[in-house]
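>>> Below is the structure, and that's it, no one-letter string:
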DNA sequence: TATTGTTATACTCTATAACTATA
DNA sequence: TATAGTTATAGAGTATAACAATA
């Protein structure tokens, strides 16, 4: 009835707050890049030579494929990327970095490193590395089979049933 | 010129991916609550008895104060909270939980715990606790003086100058 | 004059559906 | 028939500005 034991790890609030702080810093760092942080991530993917389709790229960034079209339109207009026909599949396009895009990416990555250091600033260096590693593992794992939402829903319903039965 | 050393800790991508995964699970868990995850956080704040203004609450959640109005409208319509006049300041309103709101909050918190466990599932128990602790510290710290964006911008400009000078 | 909260309006972002061209 | 990509339209979410009440 009083304050409950400590339900308050409040992962949601912490994640959201850190995310907002990071987004504010990142938005500042990628200022001028069409599409903001996402535009940067497209540039980074193109630089890595990831030759997946636009669809695959969109899924990795967690956006709709139509959004990717607009994003690439803007990046192409800005002269940072080019869409070239894929010789293997004439439906698909390959996204490649222009020289200007490459230079811009290099510049932005430096700014982003600075921004990240500020966001993680409150933690000790080894703690920063721990956090990065944990988040990275979580992201790659959950990214792999991202449709576990169904499993969660099922388990919740099971619990609902279990709770509804005895205590009422 | 080749792949750079390892700029690829890619904090931004990892944070974004984990955030999306969590949001998907949380949206499911708070299904039915007006305003979704934010509605829940308002309930949780009200339950804690945080008697700050709507404005303060909005800032904590990182939303505009006008959004808070709509959010509270919906929560009040659903009979989960009430707006009562603040005796100390007749401009302000106090947000208090109704009995139904309290019950609903209890239910949702159980669902959220389950969802969180699934999101953090890929990590070992002690790693989960480490991640929670690190995020919490980061959130409270950065939340405290959240306007450090200016400091970041300044430092970036300094670096821009330093980079532009010698290598060009 | 500054601040809390509300309302109305406008804008941005995103998804939906329909279309073209390839496979 | 199914898929990659584009386009147009509609919708949700959000911010902006103007307002009333109070400090």
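Noted; the coordinates are in hand. All values derive from a computational prediction rather than experimental measurement.

>>> Low-confidence stretches in chain A?
A:1-9, A:142-168 (pLDDT under 70).

>>> near DNA strand C, which residues of it?
Selection of chain A residues close to DNA strand C by Cβ under 7 Å from any atom of the strand yields A:63, A:64, A:66, A:67, A:70, A:89, A:90, A:91. C-betas here are computed from N, CA, C, even on glycine.

>>> Quick check: the two most widely separated of these?
Taking Cβ to Cβ as the measure, the residues of chain A next to DNA strand C span a maximum distance of 24.6 Å, between A:63 and A:90.

>>> With respect to residue B:137, which of the residues of chain A next to DNA strand C is nearest?
Distance ranking of these against residue B:137, using Cβ to Cβ, places residue A:63 first at 30.6 Å.

>>> quick one: contacts for that closest one?
With Cβ atoms under 8 Å, 6 or more residues apart in numbering or on different chains as the criterion, the residues that contact residue A:63 are A:38, A:71.

>>> Need the three-state assignment for it.
For residue A:63, the reduced secondary structure class is coil; criterion used: DSSP: H, G, I helix; E, B strand; the rest coil.

>>> are any of the residues of chain A next to DNA strand C buried, and which?
With neighbours counted by 16 or more other Cβ atoms under 10 Å in any protein chain shown, the residues of chain A next to DNA strand C contain buried members at residue A:63.

>>> Can you give me every residue that contacts the residue nearest to the spatial centre of chain A?
Centrality entry for chain A: nearest residue to the mean C-alpha point is residue A:61, 5.4 Å, by Cα atoms, centre = their mean. For residue A:61, the contact set (Cβ under 8 Å, 6+ apart) comprises A:38, A:41, A:42, A:68, B:16.

>>> Which member of those residues is positioned nearest DNA strand C?
The nearest member of the contacts of residue A:61 to DNA strand C, counting by Cβ to the nearest atom of the strand, is residue A:38 at 7.5 Å.

>>> what's the closest one in contact with, if anything?
By Cβ under 8 Å, 6+ apart, the residues touching residue A:38 are A:61, A:63, A:71.

>>> Could you do residue A:68 as well?
Contacts of residue A:68 by Cβ under 8 Å, 6+ apart are A:42, A:54, A:55, A:57, A:58, A:61.

>>> can you do 6 Å?
Residue A:68 makes contact with A:54, A:58 under the criterion Cβ atoms under 6 Å, 6 or more residues apart in numbering or on different chains.

>>> Quickly find the element holding it.
helix A:65-77 (DSSP states H and E).

>>> C-terminal to that helix, what's the next element?
Taking DSSP H and E as the definition, the helix or strand that follows helix A:65-77 towards the C-terminus is strand A:81-85.

>>> How about residues contacting that next one?
Judged by Cβ under 6 Å, 6+ apart, the contacts made with strand A:81-85 from elsewhere in the structure are A:46, A:75, A:93, A:94, A:95, A:96, A:97, A:98, A:101.

>>> at 8 Å what do you get?
Contacts with strand A:81-85, where a contact means Cβ under 8 Å, 6+ apart, come from A:42-43, A:46, A:72, A:75-76, A:93-98, A:101.

>>> mind checking the end-to-end distance for stretch A:115-133?
Taking Cα to Cα, to the nearest Å, stretch A:115-133 runs 18 Å from one end to the other.

>>> now for the contacts of residue A:61, which pair is the farthest apart?
Set against one another by Cβ to Cβ, the contacts of residue A:61 have their most distant pair in A:68 and B:16, with a gap of 15.3 Å.

>>> mind listing the strands for chain A?
Residue ranges of the strands in chain A, as given by DSSP state E, are A:81-85, A:93-97.

>>> Would you list the strands that the last one pairs with, along with their directions?
Spelled out, that is strand A:93-97. In the sheet containing strand A:93-97, the strands it pairs with under DSSP bridges are strand A:81-85 (antiparallel).
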